[in-house]
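K.L.:
Quick one, structure for this:
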Amino acid sequence: MTSGRTKRVKLDGPHNTTALPRARPAWNHAVGSSFIVPGLTLTDHTFSVPLDYADESKGTIDIHIREVVAYSRSRHQLPYLLFLQGGPGFEAPRPTEASAWLKAAVQHFRVILLDQRGTGRSSAITTASLLRIGDARAQAEYLAHFRADNIVRDAEAVRMAMVPPDAPGGGRWTLLGQSFGGFCAVRYLSAAPEGITEVLLTGGLPPSVGDPNGTETAYQRLYRRVVGQNQKYYQRFPDDVEAVQKIVAHLIRQPEGGVRTPSGNLLTPRSLQLLGLSGLGSGGGFERLHFLLEKAWDSDQISLSFLKSFDAWMPWDTNVLYALLHESIYCQGRASRWAAHRVRNSDFSDTFDAALSVANGSPVLFTGEMVFPWMFEDFAALAPLQGAAEALAEKADWPQLYDLKALQSTTAPVASATYYDDMYVDCDCAQETAQHIRGIRQWVTNEYAHSGIRDDGARIFEQLLAMTRGSIPLC
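P.N.:
Here you go, the predicted model:
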């Protein structure tokens, strides 16, 4: 067991990369306690890194990582693997046992679970913490430092401090990126390829990285995917057409245009449609959504059980970063200007108009992984941050995230599980990006939804690892 060890780590020298400034001070690296869960030994680490790597006078934030190793191999020298979580705005997994993809991974690696900046124990961003920063402009300026480019800089700081040059892999590590974590991994491949042994992506090829209108393109494609998932859902559960219409009609009749939930949110027809985010695009989602709708009523009122469940399905109070920065993850040199909202209103206005659907007797369609400006009115935790959200939507000077020349010349093996019916990362947009990554190997499949790493993680992990290492040969 270890506890309270603190060491100073100088993060310059022979392992300098383009992801970090050349001149850096020694930042604190605190090694916390180790503990055991069934089959695994876990050790906590905390780093102090700059909020802004280009201007360290802006202060520092904490970055938390958890080092995970199979209990039986805790004394072995193993190569390192960094897991990059989906999001943005979600903390790394908290393992309670050796299971799923992690059980497979620790047979090969010492696994690093990174709480990306602003999440978990990495100087978490909350409504309260943002309000302490200052006005909307100050909040937006602060939040601009929490995209993939700085997540990669943080990861490089961790790598140079933790991965010994004489470890297997020669000081480099393997990346496993799920969803937005895959976007971060491709950014890593652009900015600091010398730190990478190989890259494994699960639903994580960022869409159309060479398209200057990539944000709009992504949403135009995704809305079509969402329409298709709605059609599949109502084919599975045809009685839910009437069930959802009944809820929408009831909400329209309310004085506020909706019903207040226990968390103070306003359940309106448009916020009801957000249930598609979790209900339509992941394994078991159709069933969970159907069972949620089953308990919608208490006599002629929306039931308390349904309202509490609705709050639980909406992560905006505990994951405000997701709502605030979601569109910015696509932005390169242009403002998003609420792209999902604009595309919906211009190309799909009637398709996703809940009131019109009820009037016409047609199915009310749920939406997907889109963030809308009115969410900062309907959701209590987001309402105080409306000004910051507007400022971020208008921000036009986002730096480039991807270096196409670097991707086209990479020598790191890259393998991707690309899900054909993915509702969150459009398969066609993913193919446009894949054309820029030298030597990428793809496993394109409709066997899994976007949640494949959760649903059958061990199989997917082993398949991708075999693809990067050549034990599954080209054919």
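K.L.:
For the most centrally placed residue in the chain, which non-adjacent residue is closest in space?
P.N.:
For the chain, G87 is the residue whose C-alpha lies nearest the centre (C-alpha atoms, centre = their mean; 1.6 Å). In space, and not counting its chain neighbours, G87 is closest to F180: 4.5 Å by C-beta to C-beta, 6 or more residues apart in numbering. From N, CA and C alone the C-beta is placed, and that goes for glycine too.
K.L.:
That neighbour touches G86, doesn't it?
P.N.:
Yes - assessed by C-beta atoms under 8 Å, F180 is found in contact with G86 at 4.9 Å.
K.L.:
who touches both of the two?
P.N.:
With contacts defined as C-beta atoms under 8 Å, 6 or more residues apart in numbering, the residues shared by F180 and G86 are G204.
K.L.:
Distance-wise, check the residue lying farthest from the centre of the chain relative to L292.
P.N.:
Going by C-alpha atoms, centre = their mean, the residue of the chain most distant from its centre is S299, 38.8 Å out. Going from S299 to L292 by C-beta to C-beta, to the nearest Å gives 18 Å.
K.L.:
neighbours of the closest residue to G258 other than its chain neighbours, just the number please.
P.N.:
Residue nearest to G258 in three dimensions, not counting chain neighbours: T268, with 3.6 Å by C-beta to C-beta, 6+ apart. The tally of other residues near T268 (other C-beta atoms under 10 Å) stands at 21.
K.L.:
again, but for A393
P.N.:
A393 is flanked by 20 other residues according to other C-beta under 10 Å.
K.L.:
What separation do you get for it and I437?
P.N.:
29 Å.
K.L.:
Got the phi and psi for the residue nearest to G258?
P.N.:
phi -120, psi 170 (degrees, to the nearest 10).
K.L.:
Phi and psi next, for the residue nearest to F83 when sequence neighbours are not counted.
P.N.:
Excluding its sequence neighbours, the residue lying closest to F83 (C-beta to C-beta, 6+ apart) is L176, at 4.9 Å. The phi/psi pair for L176 (degrees, to the nearest 10) reads phi -120, psi 110.
K.L.:
Any idea how many residues pack against L176?
P.N.:
L176: 31 surrounding residues under other C-beta under 10 Å.
K.L.:
Quick check: the gap between it and T197.
P.N.:
As judged by C-beta to C-beta, L176 and T197 stand 11 Å apart.
K.L.:
Find the residues that touch each one of those two.
P.N.:
Common neighbours of L176 and T197, counting by C-beta under 8 Å, 6+ apart, are absent.
K.L.:
so what are the domain limits for the protein?
P.N.:
Recorded structural domains for the chain (assignment: automatic domain parsing) are 5-208+401-469, 214-394.
K.L.:
Lowest mean pLDDT across the ones you listed, which one is that?
P.N.:
In terms of average pLDDT, domain 5-208+401-469 trails the rest of those, at a mean of 91.
K.L.:
Please identify the helix or strand for the nearest residue to L205 once chain neighbours are set aside.
P.N.:
Distances taken as C-beta to C-beta, 6+ apart place A430 nearest to L205, at 3.8 Å, with adjacent residues excluded. Here A430 sits within helix 427-434, counting by DSSP states H and E.
K.L.:
how far off helix 427-434 does whichever helix or strand comes after that helix point, in degrees?
P.N.:
If you walk from helix 427-434 toward the C-terminus, the next helix or strand you reach (DSSP H and E) is strand 441-445. For strand 441-445 against helix 427-434, the angle by axes from the mean of the first three to the mean of the last three C-alpha atoms, to 10 degrees is 180 degrees.
K.L.:
Next, the buried residues of the helix or strand just after strand 441-445.
P.N.:
Using DSSP H and E, the helix or strand that follows strand 441-445 in sequence is helix 452-455. Using 16 or more other C-beta atoms under 10 Å as the test for burial, helix 452-455 gives 452-455.
K.L.:
Tabulate the residues you listed (JSON lines), appending distance to A406.
P.N.:
Listed next are the buried residues of helix 452-455 as JSON lines, based on distance: C-beta to C-beta, whole Å:
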{"residue": "G452", "distance to A406": "28"}
{"residue": "I453", "distance to A406": "26"}
{"residue": "R454", "distance to A406": "31"}
{"residue": "D455", "distance to A406": "33"}
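K.L.:
right, and out of those, which lies closest to P373?
P.N.:
Relative to P373, the closest of the buried residues of helix 452-455 is R454; by C-beta to C-beta it sits at 30.5 Å.
K.L.:
ok, so what distance separates the closest one from I460?
P.N.:
Distance from R454 to I460, by C-beta to C-beta: 10 Å.
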